[in-house]
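Student: coords below, sequence missing:
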């Protein structure tokens, strides 16, 4: 049915920025750092990405610019949190508030400007399939890249030495330090790499998803991405699933409205957030489960004994 | 001794003469009228606020030295609005425009404290000795857009992204539908609400879901070009609203139903300058050039365009009535009997969908 | 090359100097921004630091704006001292406004003015209930309070929207999403004629005194602080982590709810979807800049209120964009956190 195919298509597209940001935060958290600055980083990346897309007309430059912006902000966060040992939660929050304000400030000149249409990529042949064609094979390249990335991260964490070291740093930084690994530098690297992904998510929002700039346009997606990492018990493939679920529920409320279902629009809008709370509660209930998957040193400062 | 007796009254006489000489000079260099504008959104929103600011600029250009305009943007409706309005009044503004419904109570409150300042509140319904209200007959633009939409649709499903379910927006959706039905009785209008005046990402999602449900012509009552852009991205048709949005829509842009506040602002400012201002409730439309249909797309076939232009002329000279009975609501009830023309009171109180609109009015 | 050396003991001087240093950095940054925008920096600074305190009316507006920041900041200070990361004060504020507003709607012109007490009580209880959800989920399910409290902010906003668009909508309001104006007896009176100052401010100051006594003079308060600083020691001493959790969440929820109800029957006088002005998040900065200390919270709340009002004035008088306020607030916190390292570390030039 054409409508279901469209619903699947929009779910994939709406879930992509969430998945990208959540995967980035996953990398951060695997190394033991909680990044509450995601929302601010996404906004800064969105405005910078938009500005670059506007002046160069090249979407990939825009993505790169967004990634670099967010990575730099993550670097600043990293210096404070990893070397100066400031409180991870408060510093992250400060970054979000600062990023929100600065992005609104920078974006003033860009409100009301428009971008060229960066069209979706129709996979030749496959996109003509009935139902599956419009549902799965007519998306922007970034949608497919996100899926590849998720599975790439599964492979990275499970099968590569670098991934193992990263996990060790997150589980027990003291042991990793004792083994001679530069814990703080690894954490900074993880923070910046994850931050870059968060930046790509932000740029995707302002350049592809809604090619406009408006202050605060991420509308809490950074926070939802944070919830998604816990929701997915820090497993990349599950993050992908959770992101699509969340994106789908958001689109569902409009679907219901249009078909005349009698539920008040506001209660429908609440659904994604209530769902997140419920799942969080259920997941966290089993402390074994959490301990099995949550990087143990999350949120705690680390100082190498010198 | 004589000197002292004469000096004082002489000095006083000299002083008085000097003052008398100065007084007419002072009267000639009159202070320009300060006109303040309070905006709900950013002037760059390319929609509602942008239209007001265009008019403000036209106003400054027209009156030159006689007035000095200033604006404050992104003022949220709520307790902060009162502070901003009061500050403008304190700075000596003689005429203040508050351009969103939610400023109604703060405007009235501040007006009580500054009886010499004139306030004009947009889209409100409460007036006072120094508070007037004004609005534009946006439903006329919506009607004409509907006529084009009805003629251009192939699926006979029209999609509207609604902002806030207040009578003004319901009236626009109904007028849009009536216009479409007048050239294509088979159409159906689907409505999705974003519950905000301005939220481009949400507007995009809402528009996408409407297209998913079969709509091939989109319309909106929100303040940004997001819906039109989405139409362009998905290969459907759309309209500009409040301001000319042709540059956002490319091939998708069928026309823009715009508001030109300049004529009204110029009249009100003249009244304040000449001291003839009185609190009133103005509701201007195409007859006063406040509503315009701009940039009809070349994709619109000539026969349809002819009908649209005829109807537009009819609205401009007052010979065409959009809300003329028989008008039936969704439940089948006749809300306006045959031959009767709706008056302003009826139009202000519209809380129903006309037949042909699908879905339920929120909050009923 | 600059190097950080840990101090033998934390510097008491830096504890109070650090916020001032952070303010100095923020102001310096501000001057830079003003110059870059071609505006007179002294004019810009005076909008933020002089204008808001220039007249009695402006001072009253400052106190009005600072009241919710003080109340919420107090609660959050207690929370953060106990290592409970309540990020959802915004939601608790909204629910407090809803509950207070709900009771206020019951009042008619003939109701006694004493209805203000049940209104404020309803606000407190509403905020407490919303925070209790967070405490419950953390206590029973071990769910992270940061995420839960944050998600509940969105839920609270949609709840407000639903009420204001639906059952509580003013029947004579032309279908606009707002309740009718509250009847006069339900409104907070003005303390000083000609200003909007109401009982909220003295209430907030009273709360400051109470929280100070609680934190620094009561056993419970002591237990809270130990629990936050050294959970192992707290357990050893028999201080219940669960009790602390519930205490701080109910306290901060109650204060946030009170702030919401005060604003609903104070300056707002009805419920609209725009009840929240972001106080719940700004109060986080207030709590930190105030060093999680009740007296410090008052000072930083006033500073924050100056940023807000200054930002508005800068916009209407100088044409500066109102996004400046957010930049300054975020920068203040950032600088503060950076400067705080100087409390435990010394800067040395290393060869």
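Tutor: Yep, that arrived. Everything quoted here is computed from the prediction, not taken from an experiment.
Student: tally of neighbours for the residue of the stretch 1-150 of chain B found nearest chain C?
Tutor: At 3.7 Å from chain C, residue B:79 is the closest residue in the stretch 1-150 of chain B, using Cβ to the nearest Cβ. Just so you know, the C-beta spots here come from the backbone N, C-alpha and C atoms, and that holds for glycine as well. Residues near residue B:79, counting by other Cβ atoms under 10 Å in any protein chain shown, number 21.
Student: now residue B:298
Tutor: 9.
Student: over to residue C:298?
Tutor: Neighbour count for residue C:298, taken as other Cβ under 10 Å: 21.
Student: list the contacts for residue 57?
Tutor: With no chain named, the answer covers chain A. residue A:116 (Cβ atoms under 8 Å, 6 or more residues apart in numbering or on different chains).
Student: wait, I meant chain C there
Tutor: Listed by Cβ under 8 Å, 6+ apart, the contact partners of residue C:57 are C:194, C:195.
Student: picking up where we left off before, any idea how far residue C:65 is from the residue of the stretch 1-150 of chain B closest to chain C?
Tutor: Remark: distance between residue B:79 and residue C:65 (Cβ to Cβ, to the nearest Å) = 9 Å.
Student: go on, residue B:210?
Tutor: On the measure of Cβ to Cβ, residue B:210 and residue C:65 end up 41 Å apart.
Student: can you check residue C:251 too?
Tutor: With Cβ to Cβ as the criterion, residue C:251 and residue C:65 are 23 Å apart.
Student: how about the secondary structure of the closest residue to residue B:165 other than its chain neighbours?
Tutor: Leaving aside its chain neighbours, residue B:165 sits nearest to residue B:362 (4.6 Å; criterion: Cβ to Cβ, 6 or more residues apart in numbering or on different chains). Secondary structure for residue B:362, judged by DSSP: H, G, I helix; E, B strand; the rest coil, is coil.
Student: with residue B:132 instead?
Tutor: Relying on three-state DSSP, one would call residue B:132 strand.
Student: up against chain A, what does the stretch 101-250 of chain B have?
Tutor: B:159, B:190-193, B:195, B:198-202, B:204-206, B:208-214, B:224-226, B:229, B:232-233, B:247-248, B:250 (Cβ under 8 Å from any Cβ of the partner chain).
Student: can you flag the buried ones in the residues you listed?
Tutor: Buried residues within those, counting neighbours by 16 or more other Cβ atoms under 10 Å in any protein chain shown: B:159, B:190-193, B:195, B:198-202, B:204-206, B:208-214, B:224-226, B:229, B:232-233, B:248, B:250.
Student: confirm that residue C:10 sits in a helix.
Tutor: No. Residue C:10: not assigned to a helix; according to three-state DSSP it is coil.
Student: list the contacts for the closest residue to chain B within the stretch 101-250 of chain A?
Tutor: Closest approach between the stretch 101-250 of chain A and chain B, counting by Cβ to the nearest Cβ: residue A:111, at 3.2 Å. Applying Cβ under 8 Å, 6+ apart to residue A:111 gives the contacts A:213, A:214, A:215, B:42, B:44, B:45, B:46.
Student: could you pull out the strands for the stretch 251-351 of chain C?
Tutor: Here the stretch 251-351 of chain C has its strands, by DSSP state E, counting those that start in this stretch, at C:345-349.
Student: got the residues of it near chain B?
Tutor: Going by Cβ under 8 Å from any Cβ, the residues of the stretch 251-351 of chain C near chain B are C:263, C:267-270, C:272-275, C:277, C:309, C:312-313, C:315-317, C:319, C:322.
Student: which of those residues count as buried?
Tutor: The neighbour count (16+ other Cβ under 10 Å) marks C:263, C:267-270, C:272-275, C:277, C:309, C:312-313, C:315-317, C:322 as buried among these.
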